[in-house]
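J.: Fold the following.
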Amino acid sequence: MSIEIKKIVPFTNVMSLIFLSVFACSGSDDGASEEAEEGEAVTELHLAYAAFDTDATDIYLSSNGTEVTIETTGLPNHETVYWGEGSSLYLDEPTVATTPSIMSSNNNAATITVDATPNLTGSTVSTQLNTIGIAVSGASIFNDQEGAGDLDEAAASLDWTGAHIGPGVYHYHLEPVAFSDDDENLVGILLDGVFLYGRKCNATGTYPTDLDASGGHTTTTQYTAGEEEYHYHIINEIYSTTGSYIAFSGPYQGY
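T.: Okay, here's the model as predicted:
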């Protein structure tokens, strides 16, 4: 089952999704990126999109460069108990209280069309339940809530990389240590078009101390060729009794 998502409708109970992605034009022969102004058409994808798994995602400009389309299988490219026995990526995790969903059912697939650049001039917006971003692995990122309550209620079902299935899709709640473990690696792109990185900052090699309420700041990254850009980090605070870190709780800054 393939899901096509274009926009999120705020202030309703409908959990529609929008993925607003950051783009940049090439400003030099080496592909250095320059941040495009909001609403401007761009000619090249942001260099950070090169970090996304091409087997799980297909990412391309659309609508004459004012939007980007992200097609994703929604399935992770790493081992987990949620692949199920028989899969080459199945990992036996006897302490995980698995949910009954079947990873290979294809109900994770989605096609996402989003604006090319985030709007960093508006008000902050709270995250909602369901998908709040796409990780470089191709799977979804969720916030720190589970159903009607805190993530604590479902912590027992999280696999080794802070993810589980339900509702419907495989998704990360915590720092996805399968590809970002106490480092500066790119984690993914969030619904407001702002990139999410690991707990360390590429500009300094240490944990950032100037993050705003959303876990964001403006510095260079490994994908901006010396240009500063607003981006998020996984905040370096252990969540509850999980021994790990929430991927992103919000609010968004890019709406």
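J.: Please tell me how far the residue lying closest to residue 124 once chain neighbours are set aside sits from residue 184.
T.: Spatial nearest neighbour of residue 124, excluding adjacent residues (C-beta to C-beta, 6 or more residues apart in numbering): residue 251 at 3.9 Å. C-beta: built from backbone N, CA, C; applies to glycine. Between residue 251 and residue 184 the computed distance is 23 Å (C-beta to C-beta, to the nearest Å).
J.: ok so, going back, now for the residue nearest to residue 124: which residues touch it?
T.: Taking C-beta atoms under 8 Å, 6 or more residues apart in numbering as the contact definition, residue 251 lies against 124-127, 213-214.
J.: at 10 Å what do you get?
T.: 123-127, 192, 212-214 (C-beta atoms under 10 Å, 6 or more residues apart in numbering).
J.: In helices only, show me those.
T.: Members of the contacts of residue 251 lying in helices (criterion: DSSP state H): none.
J.: filter those residues to the buried ones?
T.: Under a neighbour-count criterion of 16 or more other C-beta atoms under 10 Å, the subset of the contacts of residue 251 counted as buried comprises 125, 127, 192, 214.
J.: Same list (those residues) but as TSV, adding pLDDT and distance to residue 247.
T.: What follows is these, written out as TSV (pLDDT from 0 to 100; distance: C-beta to C-beta, whole Å):
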residue	pLDDT	distance to residue 247
125	89	17
127	91	10
192	86	14
214	95	12
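J.: Quickly run through the sheet partners of whichever strand or helix holds residue 68, with directions.
T.: In this structure, residue 68 is located in strand 67-72 according to DSSP states H and E. Taking DSSP bridges as the criterion, strand 67-72 sits next to strand 57-62 (antiparallel), strand 110-115 (antiparallel) in its sheet.
J.: Can I get stretch 234-241 in CSV, CA atoms only?
T.: Output for stretch 234-241, consisting of C-alpha atoms alone and laid out as CSV, is shown next (Å, rounded to 0.1, in the frame of the first residue of the first chain):
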residue,chain,number,x,y,z
ILE,A,234,19.4,15.3,19.0
ILE,A,235,19.5,16.9,22.5
ASN,A,236,22.1,15.3,24.8
GLU,A,237,19.7,14.5,27.7
ILE,A,238,18.8,10.9,28.6
TYR,A,239,15.1,10.2,28.3
SER,A,240,13.4,8.6,31.3
THR,A,241,14.7,5.0,32.0
